[in-house]
Each structure stands twice: as structure tokens, then as C-alpha cells.
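Participant: Sequence plus predicted model, see below.
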Amino acid sequence: MMYMKSAYEIRDKYLRKDMLPTIFCPGCGIGSVLQFTLRAIDDLGLNQDEIVWVSGIGCSSRVPGFVNFDGLHTTHGRALAFATGIKLTNPDLKIIAFMGDGDAAAIGGNHFIHAIRRNLDVTVILINNFTYGMTGGQVAPTALKGLRGTTAPYGQFENPFDIAGLAVAAGANYVARWSVFNYLQGINSIKKALSKEGFTLVEFLSPCPISFGRRNRMKTAPELLRWYQKITVPLAKAKKMPPEELEGKIVIGEFADRDRPGLVREYEAYKKRAKKMMGWEE
Amino acid sequence: MIIRGDEPEQLRLLRKLYKPGNYFMQGNEAVAYGALFAGCRFYAGYPITPSSEIAETMARELPKLGGYYLQMEDEIGSIAAMVGASWTGFKVMTATAGPGFSLMQENLGYAVMTETPLVLVDVQRSGPSTGQATKGAQGDFFQARWGTHGDHPIVAVSPISGQDAFWETIRAFNIAEKLRTPVVVLFDGVLAHTRELIKIPDVDEVEITYRKLPQNEEEAKLPFGDPHGDGVPPMPLFGHGYFTHVTGSTHKENGLRDVYTPEVHDRLVRRLHRKIEQNRHVYEKYEEHFTDDAEILVVSWGVTARPALGAVLKAREEGIKAGLFVPKTVHPFPGERMRELGKKARVILVPEMNLGQMILEVQRYVNDDVILRGVNKIGGVPLTVEEILREIRGVA
């Protein structure tokens, strides 16, 4: 199904025409990931009325403004905290949080790990481009050692966050990471994520040629995609590799797929328990 | 499903759980019960002295009422979760103290910009920074007014006793709902932990209100317009099929972002101000005692209004023509009334538990020939009747 529909059909069905064109630069990967997400929604036959898009601040966070759904475009890093209030009080709504790596792992890091700990029922689509694209290419907490940004002109000297690994450790129900090059796996992962209870995350390595690539001798999206092919290692292969060989590489694949009860179910059970302990038994 | 608080089932539960009568309880508990009576069914917060009993009371009571209590990872997340829940149609509250209030300023601005009704209780404590964490103060007067950045209007109410806290919390919810705006309750650590007699009324005695919802497709498509001329747009809720876009960026009447057109920003931010200014009748409230012939006018607020009243009563016994003016809604300040009273007074005294904050608002409305003097006390101990009376005698 998802291969059959033209991009125009997807665009006309789901995007707000009066907000186009988007702000995305030539070669940017956010549009691709948005298309993956919309195709997943379309393929699952999800009801447009029952999805809310939530985001923080950054290029990727502008997505809720382009799609024809209920949307909450909030403050930097806080999307998941806002989402918690929406989901708990209206469990019929499906929440998609569209986030960037700086948004989720730096300023929003605390909200991120706690939303996962609570197993908030939300699907996070995470754009990881190793940079703060909107503000002009400052170094991000995901940037691999040695990568350059306007605020790390001599190469990043700090260790990077592995966002997917962080999510697995914090207890997410579903975690996958792909580059935008792996679009089939990407769409399939988003479909899976949208179908599951609890916290689900699909992270995408996504090219930012203008703010990131140009400063790292990869001026175009194809160069960045080729670089992704070079630095990514599929999970099955990575398991057989010694740690020193994995240095500077990024593992892609499905990292977690489990079914712990989500926050909504836990809270409804808690309310029942409260009434039982009150001796009401209603 | 939305809970507004006025459904027959909710009223039945309130009657069953909270029998009308006199109770001996803390000011913090009075705030919590006020919120429950007002229809608040979502609370997100983070523990902080001296506000924690509000969270504890809500955590105990809300699940029984089918409501939601969430302890978030910090104050930033707390107010964020409230905004989310408000957009599904819930009445929402949080309580905090100075340091937490500082963290909430970011999303308080977001709530102003997105016209999200919510109630934020700041149990003021002695600062700056950690200060005297367990002691009360009145140092957040201007943090409530100007804590978040940019041009913005704000409504803040300030109760003067535990009983008053019950009713003022309800009033805060009603203002928030009527004007689709966040409302701050400036409470303080002294009243919060004072146990006193508090009368819980029958639910029928409590008037509560709910926000305007769109009546047709056209209204729903303009969630930031002004279809009724009162500056307050109806609020389309998430999940109702309107595809509402809500953003803290400058937006057009239809909610969509437009940060490049100066007129759009001008129109939006001026309407936000006009909404508050032109609806003064919704929130303006003050108390007056002996102001008709007062030569010495005491202007006070919150916890300090009580010893101020004691001092004025004693001064009257001594034949001194003293009077008391207490703004209950402190932001926007009741400036017109202040101006009228200021014309009649020879001396104005402003007692407060800080080094002079509300006095700056008073100053804006009185002439230079009036002697204006602060009665200020810090250190975590409230002003006494004697201390204020001494100042009154000194200028009599």
C-alpha cells in the first residue's frame, strides 16, 4: 500500500496548503521523515481527528504547523511534558511528538527520560542531525567526537548521547533507529510504534547539509547519505563486532520491542484502586 | 471525557465527600478544596515547601473524583502538562513556591500567548534564591507581574486568610475560564501553614463557570479571533475534529504561525492586552474599611492585610482617622480606585512582607503631595498589629 500512493496524494490529504512551502532547506531530511510518518498513518488507516502532533522548538518542531491535525507547538524541549497532560486526560487521542536531537536530548533531556520512565503513551519521531540547524549549526549533544559546529570549530570534544540507547535503558516499549536512507524500515518502524501502547521512539539520522554538512566537508544530502552508509552498522552485524571496531559507528535497527503497560492503563488502574481502598467498589 | 465539575455525578461526589460545615484546616488545604469545588480535575506539580500540602491534598482527593494527579519531573514539566490537559477541556491547577514559580515563567508566557486557562498558586516564601525556604514572604509581587518575558497581561489574586483562600481559588478558576487566560494566586507561607476555622459550604453555594466553546464551524476555525467583541475567543478542544493549531509563536486568528507580518503580531498582542483591560468587571476586587474619611490610608495585601486591619481598628479607637484599602486582585492593580482614595488621604502607608513592591504600584496612582511610606518587614516573620499601629501613630 504505502509504496503505491504518490507523494502528491499524501501531501494533499495531510498537509495544510496555506502553510506551504515548508521552511526546510534543500537536502534537509525532515520532509522525508514527515512523509514516512504520514505514509505510516495512512497505511494504518488512522483517524485524522484522533491524532495530536506535539513539538517543541527547532526545525523538526515546526512540523505540526504544516500538517492538518490538532497540533501543539510548544516551548524548547518540553513537548513530552505537554503531551503527558493531553494523553492522560484524553486517552482516545494518539500523540505524535516530532522532536529534534537538541530538543529531546539536551534542553528536554529530563522530560524525555521521565516520559519514558512513566511509559507515557506517545510515539516520538526523532530527527537526529547532530546539530542545531535552526540557530545556524551549533554543536549538539549527539555530535560524534571530532564533528564540527559553529560552537565547536575545532571538532567536538565531548562524548555524544546515544538517544536510542538512552530510551532502551529508561524503559521504552519500542525503540528503533534508522537513517533516512533506510526508508522502508523507517516506515515499518513508525507503523509498529504507532500501533503499540506506551512509549515508542523511532530515531532517524537525518541530513542537514546547510548547517551541519557544509562545516563537515559534506555539502550535499547525497554526501551525507553516503556518510550514513559508512558509519551505520546493522544491529545483527554489530553484535558480532568487537567494541573497538564499533568506535565512532552508529548502530541501526530495532533495539526494544516489549509490552509493559502504558501510563494511561496504569493510571486508570490506580483510580480503580483508590475507589476500592475507599470501600466504594463502584 | 471532559470533567467540568458541574456534572450531576461530580456534584453528588462532592456532597458525599465534603460535608458542609466548619473545619480546622491549613490554608493550603483550603486552596485545594477550593480548587476541587471549582471543578479542577487535573493537577500536575513538583514538591516544594511551603506548598506541598496542596499537592498532597489533591493527590488524595482527585482519584476519588475521577480526576488526575501527576507528580512531574520539575516545575517546567508541571505547567506544561497542565497546558496540555487544559486543551482537552480540563480545569487545571498547580501549586509552587518562589523557586518553582521562577521555573514556571517560561510556560506561563506560553499559556498567556496561547490563551490557555489555568490556575497557578504561588505560595510565596522568603527569597531570593533558596532564602528561608520554610518561611513566608510577599516578595513575588512583581515576579507574578513581569516574571515571564515580553509584553503580556496577567491576572493575579491574593487571599488574606485561609477562608479567603478557599473562595479566591474558586474565583481564580472562574476568571481563568471566563477570560481564557492563566491566573496566578499569590498566596504565602504564613497563611499556607496557619490552621484556622474554615467553613466548607454546600456545593450549591459555589458558583462556577466554564470556558466558551465554539458554537459553529466558523468560530472553531478562529481559535484566536474575537467573534464576540469581548476579546475572548471560544476555545476549540483537541480531538473535536477542528484541526486546531496552537503555537507560542506569533499566530493569526486561525492559529497558524505568521511571524513576518508586523500587523499580525501587533493585532494579537494588543488583543491579549485588551482582553484583560476591557473585562475589568470580571476580576477587579478590593476591600475597604473606613476609607470614607481616612486621612491616613493603609494599603496592604495578602497576609499583611490582617494585621493592617487590626492596626486600623485600634487607631480608630484612639481617634485617629485611619482607613484600609486591600486589593484582592493585585494584577491588574485597581488603579482608578487607588487614585480616588489617594486624593483624599494625607498619608499613605503600605505594609508588606518585602522591601517595597506593591508600594510602587500605589505610587503610580497618587500625587506627589501625599506622604507615601512603606512599612516593610523581612525575615520570615509576619508584621504585627503593634508594628503597623506604631507607624500609624507616628504620622497621625
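Facilitator: It's in.

Participant: residues near the closest residue to chain B within chain A, how many?
Facilitator: Residue of chain A nearest chain B, by C-beta to the nearest C-beta: A:Gly85 (2.8 Å). To be clear about C-beta, it is placed using only N, CA and C from the backbone, and glycine gets the same treatment. The number of residues packed near A:Gly85 is 29, by other C-beta atoms under 10 Å in any protein chain shown.

Participant: quick one, strands of the stretch 51-200 of chain A?
Facilitator: A:51-55, A:70-73, A:94-100, A:122-128, A:131-132, A:138-139, A:174-179, A:199-205 (DSSP state E, counting those that start in this stretch).

Participant: so which of these comes closest to B:Leu309?
Facilitator: strand A:70-73 (45.3 Å; C-beta to C-beta).

Participant: show me the biggest strand of chain B in terms of residues.
Facilitator: The residue-count maximum for a strand in chain B (DSSP state E) belongs to strand B:118-126.

Participant: Show me what the mean pLDDT comes to for it.
Facilitator: Per-region confidence: strand B:118-126 scores 98 on mean pLDDT.

Participant: Send me that strand as CSV with only the CA atoms.
Facilitator: The C-alpha trace of strand B:118-126 is given here as CSV (Å, rounded to 0.1, in the frame of the first residue of the first chain):
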residue,chain,number,x,y,z
LEU,B,118,-5.0,27.5,34.2
VAL,B,119,-4.5,28.4,37.8
LEU,B,120,-1.0,28.7,39.3
VAL,B,121,-0.8,29.0,43.0
ASP,B,122,2.5,30.6,44.2
VAL,B,123,2.9,30.1,48.0
GLN,B,124,5.4,32.9,48.4
ARG,B,125,8.4,32.2,50.6
SER,B,126,11.3,34.2,51.7
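
Participant: Could you list the residues of the stretch 101-250 of chain A in contact with chain B?
Facilitator: The stretch 101-250 of chain A comes close to chain B at residues A:110-111, A:114, as judged by C-beta under 8 Å from any C-beta of the partner chain.

Participant: Give me the nearest residue to whichever residue of the stretch 51-200 of chain B sits closest to chain A, chain neighbours excluded.
Facilitator: Distances between the stretch 51-200 of chain B and chain A by C-beta to the nearest C-beta are smallest at B:Gly84, namely 2.8 Å. Excluding its sequence neighbours, the residue lying closest to B:Gly84 (C-beta to C-beta, 6 or more residues apart in numbering or on different chains) is A:Gly85, at 2.8 Å.

Participant: one step back: show me the residues around the residue of chain A closest to chain B that make contact.
Facilitator: Neighbour list for A:Gly85: B:42, B:44, B:70, B:80-88, B:92 [criterion: C-beta atoms under 8 Å, 6 or more residues apart in numbering or on different chains].

Participant: now swap in A:Val54 and tell me
Facilitator: Applying C-beta under 8 Å, 6+ apart, the residues near A:Val54 are A:64, A:71-72, A:74, A:79-80, A:82-83, A:86, A:95-98, A:122, B:84.

Participant: ok so, going back, a markdown table please, covering the strands of the stretch 51-200 of chain A and showing mean pLDDT and distance to B:Leu14.
Facilitator: Output for the strands of the stretch 51-200 of chain A, formatted as a markdown table (pLDDT from 0 to 100; distance: least, C-beta to C-beta, whole Å):
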| stretch | mean pLDDT | distance to B:Leu14 |
| --- | --- | --- |
| strand A:51-55 | 98 | 30 |
| strand A:70-73 | 98 | 31 |
| strand A:94-100 | 98 | 31 |
| strand A:122-128 | 98 | 32 |
| strand A:131-132 | 97 | 49 |
| strand A:138-139 | 98 | 52 |
| strand A:174-179 | 98 | 41 |
| strand A:199-205 | 98 | 35 |
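
Participant: Make a markdown table out of these and add distance to B:Arg211.
Facilitator: Converted to a markdown table, the strands of the stretch 51-200 of chain A look like this (distance: least, C-beta to C-beta, whole Å):
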| stretch | distance to B:Arg211 |
| --- | --- |
| strand A:51-55 | 19 |
| strand A:70-73 | 17 |
| strand A:94-100 | 22 |
| strand A:122-128 | 26 |
| strand A:131-132 | 37 |
| strand A:138-139 | 40 |
| strand A:174-179 | 36 |
| strand A:199-205 | 31 |
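
Participant: Those: which one's closest to B:Glu277?
Facilitator: Of all those, strand A:70-73 comes closest under C-beta to C-beta, at 27.5 Å.

Participant: is the closest one up against chain B anywhere?
Facilitator: Yes: Strand A:70-73 lies within reach of chain B by C-beta under 8 Å from any C-beta, at A:70-73.

Participant: which residue packs closest to A:Glu254, ignoring adjacent ones?
Facilitator: Nearest one to A:Glu254, counting by C-beta to C-beta, 6+ apart, is A:Ala176 at 4.6 Å.

Participant: Show me the beta-bridge partners of the one you found.
Facilitator: A:Val202, A:Glu254 (DSSP bridges).

Participant: Number of residues surrounding it?
Facilitator: 26.

Participant: what separates B:Leu309 from chain A, distance-wise?
Facilitator: Distance, B:Leu309 to chain A, using C-beta to the nearest C-beta, to the nearest Å: 40 Å.

Participant: so who does that residue touch?
Facilitator: B:Leu309 neighbours (C-beta under 8 Å, 6+ apart): B:289, B:324, B:326.

Participant: now the helix or strand the second one falls within: how far from the chain's centre is it?
Facilitator: Spelled out, it's B:Leu324. Under DSSP states H and E, the secondary-structure element containing B:Leu324 is strand B:322-327. In this view, strand B:322-327 has its centroid 20 Å away from the chain centroid, taken as C-alpha atoms, centre = their mean, to the nearest Å.

Participant: All set, thanks.
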